[in-house]
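Q: attaching a predicted model along with its sequence, questions to come.
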Amino acid sequence: MKNMIIGRTIVLMAALLAAPAAAQAQFSYATNADGSIYAYSTNADGTITIAGYSGPPWTVNIPTNLNGLPVVSIGENAFWRRYTVTSVTIPSSVTSIGDSAFELCLWLTNATFANGVLSIGSNAFLQCLRLPSVTIPASVFNIAAGAFAACPDLVAITVDAQNAFYSSVNGVMFDKTRTTLVQCPGGITGSYAIPPSVSSVGDCALEGSALTNVTIPAGVTSIGGLAFAGSALTSVTIPGSVTNIGDCAFEGCGGLTNVIIPSNLTSIGNSVFENCTSLTNVTIPASVSSIGDDAFHMCYNLTSVTIPGSVSYLVGNAFEGCLLTKVFFLGNAPGIGPFNGPELGPPLSGTVYYLPGTTGWSNSFDGRPAVLWNPLIQTGDGSFGCRGASKSRRLCASKSGIMAYKIVICLKETNGSVEPDPA
């Protein structure tokens, strides 16, 4: 038994070698009555923070004290990637669970919190693949972003009715007033309508969700970072009330084919739609003035995009990895950021189209040929409109030209999506 304990201590110490040297020097080790070994640090007030664990047993009951000192917190990454841990019970003496404390505990099927836990850190139980449900006690006042994100078997988060800061409805967790959606369990499938009381979708709130359709109510003004990242969404309509979308909000939504960006949005953040590999159509409204780094990176099924005149600068390989064949600009030629490679992705055979009367254009842009949209000239003979219209319905927007002529720019509407018609 002594040799086994020594061996497991060596394993635990090896697992902690990645910690900074200053932190390693603070670790002590204690063997619990059940044979498990804990690494811990001693806080200034004589309490203990658990820093690591070596079992068996893999049904873990966090002790209330180690070496005669009270255990008050579970530190950052303490059980990170402890694949063999199947259950954890956290006593009332523990008030804090650190960031990523149980992240990637792939076989964890039970997590029990005693009333006394005050705070649950960011990503604390991220990607605990087999965790089916959790109950949040009344004592908890802080749950950080992504605490229970990307848990595909998680179907219910139940909050004690006496909790003053959080609530739950049908297994979905909100703040107490139900104005912020905090966490939708990843195992809920099908469609979900966010309640009309919600004005904010929190960071990581539906990260890794199995939902294919989510209805966002008109009152929502903010969608947090990573809010829908890696989810099973196939389409989403973002209401016009939304004025802020956080970085990576829809990153990795591989089934997302279409998205309508609201007309009140002024910027598209970094990596918002990165790796949305099925995205074929996106409408960028004239309100948008900036498109962030990697905003549409690796959306390789996105072949056409229209960029409004309000965008004056393209940075950070915004469309890198997109196999764009047609890029339409509604304004002057935007500036290009100081990055390697084309901002619009590989040039291939794609073409840039620009409006007459706009400035800054030459015969190429960002490695692509740049051409004037094929305008139709009207001479006041009364035949207003587009001539030679194709079978697709055409919508015409006129722009004043020289010598009282009208230059008519034609757009085509196909399957409800309007894009310029260069032909």
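A: In hand now; what should we look at? Computed from a predicted structure; not experimentally measured.
Q: tell me which helix or strand of the chain sits lowest on mean pLDDT?
A: Lowest by mean pLDDT, DSSP states H and E among the helices and strands of the chain is strand 393-400, with a mean of 35.
Q: the stretch 201-350 of the chain: strands as residue ranges?
A: Shown for the stretch 201-350 of the chain, the strands assigned by DSSP state E, counting those that start in this stretch span residues 210-215, 222-223, 235-237, 244-245, 258-260, 267-268, 281-283, 290-291, 304-307, 313-314, 326-329, 335-336.
Q: which of these comes out lowest on mean pLDDT?
A: Note on these: lowest mean pLDDT is at strand 281-283, with a mean of 79.
Q: who does that strand touch, helix- and strand-wise?
A: Judged by 3 or more Cβ pairs under 8 Å, 6 or more residues apart in numbering; DSSP states H and E, the packing partners of strand 281-283 are strand 258-260, strand 304-307. The C-beta positions use only the backbone N, C-alpha and C, and glycine is treated the same way.
Q: what bridges to the residue nearest to N244 when sequence neighbours are not counted?
A: Excluding its sequence neighbours, the residue lying closest to N244 (Cβ to Cβ, 6 or more residues apart in numbering) is S222, at 4.6 Å. Taking DSSP bridges as the rule, S222 bridges to S200, N244.
Q: returning to what we had before: let's have the strands of the stretch 201-350 of the chain in a markdown table, adding distance to G367 and mean neighbour count.
A: Output for those, formatted as a markdown table (distance: least, Cβ to Cβ, whole Å; neighbours: other Cβ atoms under 10 Å):
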| stretch | distance to G367 | mean neighbour count |
| --- | --- | --- |
| strand 210-215 | 37 | 17 |
| strand 222-223 | 33 | 22 |
| strand 235-237 | 31 | 16 |
| strand 244-245 | 29 | 20 |
| strand 258-260 | 26 | 17 |
| strand 267-268 | 22 | 20 |
| strand 281-283 | 21 | 18 |
| strand 290-291 | 18 | 20 |
| strand 304-307 | 16 | 19 |
| strand 313-314 | 12 | 18 |
| strand 326-329 | 11 | 21 |
| strand 335-336 | 10 | 14 |
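Q: before we move on, the earlier item: can I get the helices and strands packed on strand 281-283 in CSV with distance to S287?
A: Shown next, in CSV, are these (distance: least, Cβ to Cβ, whole Å):
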stretch, distance to S287
strand 258-260, 13
strand 304-307, 13
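Q: so which of the ones you listed is nearest T31?
A: Ranking those by proximity to T31 (Cβ to Cβ) places strand 258-260 first, at 54.5 Å.
Q: which residues does the closest one contact?
A: For strand 258-260, contacts defined as Cβ atoms under 8 Å, 6 or more residues apart in numbering pick out S235, V236, T237, I238, F250, F273, C276, L279, T280, N281, V282, T283.
Q: list the contacts of the third one.
A: For T237, the contact set (Cβ under 8 Å, 6+ apart) comprises I216, V259, I260.
Q: bridging residues for it?
A: For T237, the beta-bridge partners are I260 (DSSP bridges).
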